[in-house]
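J.: My questions are about this predicted structure, shown below with the sequence.
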Amino acid sequence: MSDPTATAAAAPPPFTDELQRFRAHLRAFIARELAPHAAEWERARSFPNQVFATLAAEGYLGLKYPAELGGGAVSGEGFRVGGVLADAVLSEELARCGSGGLAAGIGAHIGIATPPIWIFGTPEQQRRYLPAAIRGERIGALAITEPGAGSDVAGIRTRARRVNGGFVVNGSKLFITNGVRADFLVTAVTTGEGAGGHHGLSFLIIDRGPGVHSSPIEKLGWHASDTALIAFEDVFAPEENLLGQENEGFYLIMGNFQWERLLMALGAVGAMTWALERTLPVARELGRRRGGDAQALRHRVAEIAVGLQAARDLTYHALRLHAEGRDALREVTMAKLATQRRCHDVLDACLQIHYDAAGAASEAQVADLERGVRDARLGPIGGGTDEIMREILGRSLGL
């Protein structure tokens, strides 16, 4: 009989055989170095900074960055890979670490905090921040969301007032991943005449220092992530920390969102694949117990498999377009919208099968899936809510 999970192991576009060998290498690394600590770090409500150094030692924090900044390709048995697609494999496989908070903390550093510096930063800014970030010595966070402004970035109220030599920042940010540990924060601020609005947004790289206060917040999931409320009180940011052009930060937000949303779709695909692989043996045991009454169970698992395959194909299609440098706004939006709520539903369905087959899986395996369900609940909210995705998609269709 063929392997029912073989579609996940094949080399579908845009992944080459070499990237699939890298995937196997990375999967073994995650199983060895990260997954065994997931429950411990969940209880601790954090994970140690040493995790970043461990990833850096393997070259995983700089896959898409050039060698002159400390990044570049990594090599192993039968592969030498780097660039966006290798980074995408990392984002998908991190779902197997067993902790959404751990995956989010790593992903926030390499997927949403450092890319704006690489894409929009000056050579001096890149040299000042990226090598240390790629070595795992300085951790970054992206600070956009506020207590009164989530997906609606036009509502941002954190104010940067021009002074001699730079800016003075006052305001607050909420739900900032890595917000407690971050050494630098890529921060959206208003710099126009009036607070708020798309045309008065700018970005500043704010270093941890006087006036930057972080407080951890409690959440339903992502327990290992040090998600924070951040307050800026008369924080000085020098002129050289202005990222991109003043009052044109909206374009930076939109450019960064596309990659963030694609990474979230990849993570959801990874989580669903992991959940199905864990559930199939349990479902087989439950089907054996039920004998001739197992048809309903088979149909439940079939629906899970269809949902996963559809999500994978849509996400890989969007990734291929993005990697080719083509305009993939519509496809990335579709992938984000199609994967996030589905991921929660798939993990919940897999968990219910584990409950129905009491004794067929260990308590630890059940706990892993329970944690996965909690962690997946953020998907339809983070990186732009489902409602925002529908609005973007509808407008792209001319409505």
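T.: Ah, there it is.

J.: which non-adjacent residue is nearest Glu370?
T.: Leu351 (6.3 Å; Cβ to Cβ, 6 or more residues apart in numbering). Glycine gets a C-beta too; all of them are placed from N, C-alpha and C.

J.: ditto for Arg320
T.: Closest residue to Arg320 apart from its sequence neighbours, by Cβ to Cβ, 6+ apart: Pro14 at 4.1 Å.

J.: neighbours around the one you found, how many?
T.: 17 (other Cβ atoms under 10 Å).

J.: so what's it up against?
T.: By Cβ atoms under 8 Å, 6 or more residues apart in numbering, the contact list for Pro14 reads 85, 316, 319-320, 323.

J.: Please report which of those has the highest neighbour count.
T.: Neighbour-wise, the contacts of Pro14 (other Cβ under 10 Å) top out at Leu319, 27 neighbours.

J.: where does it fall, phi/psi-wise?
T.: Backbone torsions for Leu319, taken as degrees, to the nearest 10, come to phi -60, psi -40.

J.: That one against Leu263, yeah?
T.: No - the pair Leu319 and Leu263 does not pass the contact test of Cβ atoms under 8 Å, sitting 9.7 Å apart.

J.: between the two, what contacts are shared?
T.: Common neighbours of Leu319 and Leu263 (Cβ under 8 Å, 6+ apart) are Ala88.

J.: what about the residue nearest to Arg27 when sequence neighbours are not counted, distance to Ala311?
T.: In this structure, Arg27 finds its nearest non-sequential neighbour in Glu93, 5.6 Å apart by Cβ to Cβ, 6+ apart. Look at Glu93 and Ala311: by Cβ to Cβ, to the nearest Å, they are 16 Å apart.

J.: Just the element for the nearest residue to Met389 once chain neighbours are set aside, please.
T.: Nearest non-adjacent residue to Met389, counting by Cβ to Cβ, 6+ apart: Leu337, 4.0 Å away. Assessed by DSSP states H and E, Leu337 sits inside helix 329-356.

J.: What residues sit buried inside that helix?
T.: 329, 331-340, 342-351, 353-354 (16 or more other Cβ atoms under 10 Å).

J.: How far does stretch 291-300 sit from its chain's centre?
T.: Relative to its chain's centre, stretch 291-300 lies at 36 Å (Cα atoms, centre = their mean, to the nearest Å).

J.: residue boundaries of the strands in this structure?
T.: For the chain, strands defined by DSSP state E occupy the ranges 74-76, 79-81, 140-143, 159-163, 166-176, 184-190, 201-207, 212-216, 228-238, 242-243.

J.: Packing partners of the biggest helix by length in the chain?
T.: Longest helix of the chain, by residue count under DSSP state H: helix 249-290. Helices and strands touching helix 249-290, by 3 or more Cβ pairs under 8 Å, 6 or more residues apart in numbering; DSSP states H and E, are helix 84-93, helix 100-107, helix 115-120, strand 184-190, strand 201-207, helix 295-323, helix 329-356, helix 363-376.

J.: now these as TSV including distance to Thr145 and mean pLDDT?
T.: Output for the helices and strands packed on helix 249-290, formatted as TSV (distance: least, Cβ to Cβ, whole Å; pLDDT from 0 to 100):
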stretch	distance to Thr145	mean pLDDT
helix 84-93	20	96
helix 100-107	14	96
helix 115-120	15	95
strand 184-190	9	96
strand 201-207	13	96
helix 295-323	23	95
helix 329-356	16	96
helix 363-376	18	94
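
J.: what's the closest of these to Val51?
T.: Nearest to Val51 among those is helix 100-107 (7.0 Å), distances taken as Cβ to Cβ.

J.: gap between the closest residue in space to Ala275 that isn't next to it in sequence and Pro13?
T.: The shortest distance from Ala275 to any non-neighbouring residue, by Cβ to Cβ, 6+ apart, is to Cys350 (4.3 Å). Per Cβ to Cβ, Cys350 is found 27 Å from Pro13.

J.: again, but for Arg289
T.: Applying Cβ to Cβ, one obtains 40 Å for the distance of Arg289 from Pro13.

J.: Neighbour count: the two, which is higher?
T.: More crowded of Arg289 and Pro13, by other Cβ under 10 Å: Arg289, with 14 against 11.
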